[in-house]
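Visitor: following is a predicted model, sequence given first.
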Amino acid sequence: MSVLSKPANAFARMSPFFKGLTIIAIGVLGLVLLMVFRPRPAAQEPPRRVPLVVTAPADVRSGNLTIRGNGTVRPKSQIVLSSQVAGRVEWVSPAFASGGRFEKGDLLLRIEQADYVNRVDAASAAVAQRQVEVLQWEEEQELAREEYQRLAVREGLDAQDSASLSSLIFREPQLQAAKAGLKSAEAQLADARLALGRTRIAAPFDGVVRSKSVDVGQYVAPGQNLGSLYDTDEVEIAVPLTDAEAALVEGIWEAGAGDEATRIPATVRASFGGREYEWPAYLDRAEGALNEETRTVDVVVRVPDPFVMDDTGRPPLLLGTYASVDIQGEAREAYAVLPRPALRDGDAVYVVEQDTLLVIRPAVMLQEVGGEVFVSADMSPGDRVVISPMDIVTD
């Protein structure tokens, strides 16, 4: 028997289980030997991948910031017109209709005057009667004094004794009562004339009729709503600002309602017929409390002469118009205006230098207007900032 036949005979005498284990062991050993003695590839440095980015030029400015907000146009002054006297309406002005314009002092409507004319006549007659009574008692007083003087001369009385005499002798109470009656009659005459004048209802200011609720032939009572009017000298826009935006408006807390010395310049823009128009305006005041719903500071911007059209064909600034408002902010020596994607994590911008080097520069956002951000950063005109997304960035 040969030497090689012995392992073969030993393998043949193994049970099937051990045969399987032997085959697996031989296969694992062969795989390990192949892994150990395999040829290794030559090491190569991976090629450098230069990222492609989209950049935009930095718009570096100086001067006053512009704080932008929005709001709805509302009237500065609006009243409900009512009658102070009762009566039937006998005339209504053609201007007293929804949208009608009028000037201060224009007659808007007239209430029937016959009853009030009669009251004036009756009060005038009462005054005349009281005047006659005063004259009569003045004559009576003069006669009483003359009679006393004659009696004093005839009886040799001392003139000083007249001071102790009762005022009834000289008709003083009667004269004072007549004068009081005259004063009361004159007051009634003044009331009658005032009521007669109130039958003519005139416009209290230059304005426009917003609504009308009365017409000819209708009976009106004192205090009844006749219509709604609003002033056209100025209109208002309430603009909500965040506390950060309000902090950029210099003098916002010193602005006093109606004080020309504390006005802050502003510009109002609104679209009409596909075109955008501008109106000069000013910040009149800031509300005294935060808006409970929005937690913003509401400032009131006024637009003078909103219904005056100019050579550009600018239409009136109608009530209810949704407008944008630019308010003059504080002055800065330098700030940059960038596209919104240029600001990274709210406090940095990526600047490309020499077309190959990316530099991370800190930035402080001052405000956001539309798709642009106003930032305070160390930037120069011509600097290009990255606006495309970047996953991994190093300085």
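Guide: On my side now, so go ahead.
Visitor: so what's residue 77 up against?
Guide: 205, 207, 230, 231 (C-beta atoms under 8 Å, 6 or more residues apart in numbering). The way it works is simple: take the backbone N, C-alpha and C, and place the C-beta from them, glycine included.
Visitor: then residue 294 would be within a strand, right?
Guide: No - with DSSP: H, G, I helix; E, B strand; the rest coil as the criterion, residue 294 is assigned coil and is not in a strand.
Visitor: next one: phi and psi at the spatially closest residue to it that is not a sequence neighbour?
Guide: Leaving aside its chain neighbours, residue 294 sits nearest to residue 240 (5.6 Å; criterion: C-beta to C-beta, 6 or more residues apart in numbering). Backbone dihedrals for residue 240, given as degrees, to the nearest 10, come out at phi -80, psi 130.
Visitor: who's residue 240 bridged to?
Guide: With DSSP bridges applied, the residues forming beta bridges to residue 240 are residue 298.
Visitor: and it, how close does it get to residue 296?
Guide: 4 Å (C-beta to C-beta, to the nearest Å).
Visitor: dihedrals phi and psi, residue 126?
Guide: phi -60, psi -40.
Visitor: OK, contacts around the spatially most central residue of the chain?
Guide: Centroid-nearest residue in the chain, with C-alpha atoms, centre = their mean: residue 238, separated by 0.9 Å. Shown in contact with residue 238 (C-beta under 8 Å, 6+ apart): 71, 72, 74, 287, 298, 299, 300, 301.
Visitor: do I have it right that the first one meets residue 320?
Guide: No - distance between residue 71 and residue 320: 11.2 Å, which falls outside the contact criterion (C-beta atoms under 8 Å).
Visitor: let me see the ranges of the helices in the chain.
Guide: With helices called from DSSP state H, the chain shows them at 5-13, 16-36, 114-155, 172-197, 243-247.
Visitor: list just the one of those helices that sits closest to residue 106.
Guide: Closest approach to residue 106 among the helices of the chain is made by helix 172-197 (15.7 Å; C-beta to C-beta).
Visitor: buried ones in the closest one?
Guide: 174-175, 178-179, 181-182, 185-186, 188-189, 192, 195-196 (16 or more other C-beta atoms under 10 Å).
Visitor: just to revisit the earlier point, what number of residues are in the vicinity of the residue nearest to residue 294?
Guide: 19 (other C-beta atoms under 10 Å).
Visitor: ok, now residue 237?
Guide: For residue 237, the neighbour count with other C-beta under 10 Å is 26.
Visitor: OK, contacts around it?
Guide: Shown in contact with residue 237 (C-beta under 8 Å, 6+ apart): 71, 72, 73, 74, 268, 281, 300, 301, 302, 303, 323, 325.
Visitor: remind me which residues of the stretch 1-150 of the chain are low pLDDT?
Guide: Applying pLDDT under 70 to the stretch 1-150 of the chain picks out residues 1-14, 17-19, 48, 50.
Visitor: repeat that for 80
Guide: Applying pLDDT under 80 to the stretch 1-150 of the chain flags residues 1-51, 141, 144-150.
Visitor: hang on, the earlier thing: pick out whichever of residue 71 and residue 320 has more residues nearby.
Guide: Neighbours were counted for residue 71 and for residue 320 using other C-beta under 10 Å; residue 71 has more, 20 against 7.
Visitor: contact partners for the more buried one?
Guide: Residues counted as contacts of residue 71 (C-beta under 8 Å, 6+ apart) are 237, 238, 239, 240, 301, 322, 323, 325.
Visitor: show me what it is bridged to.
Guide: Applying DSSP bridges to residue 71, the residues it is bridged with are residue 323.
Visitor: do the one 4 residues further on as well
Guide: Beta-bridge pairing of residue 75 under DSSP bridges involves residue 235.
Visitor: might one say that it is in contact with residue 320?
Guide: No - Residue 75 is beyond contact range of residue 320, at 10.2 Å (criterion: C-beta under 8 Å).
Visitor: quick one on the thing from earlier: the residue nearest to the centre of the chain and residue 247: what is the separation?
Guide: Counting by C-beta to C-beta, the gap from residue 238 to residue 247 is 19 Å.
Visitor: okay if I get the contacts of residue 77 as TSV plus distance to residue 213, neighbour count and pLDDT?
Guide: Below are the contacts of residue 77 laid out as TSV (distance: C-beta to C-beta, whole Å; neighbours: other C-beta atoms under 10 Å; pLDDT from 0 to 100):
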residue	distance to residue 213	neighbour count	pLDDT
205	20	15	91
207	17	23	92
230	15	17	94
231	19	17	93
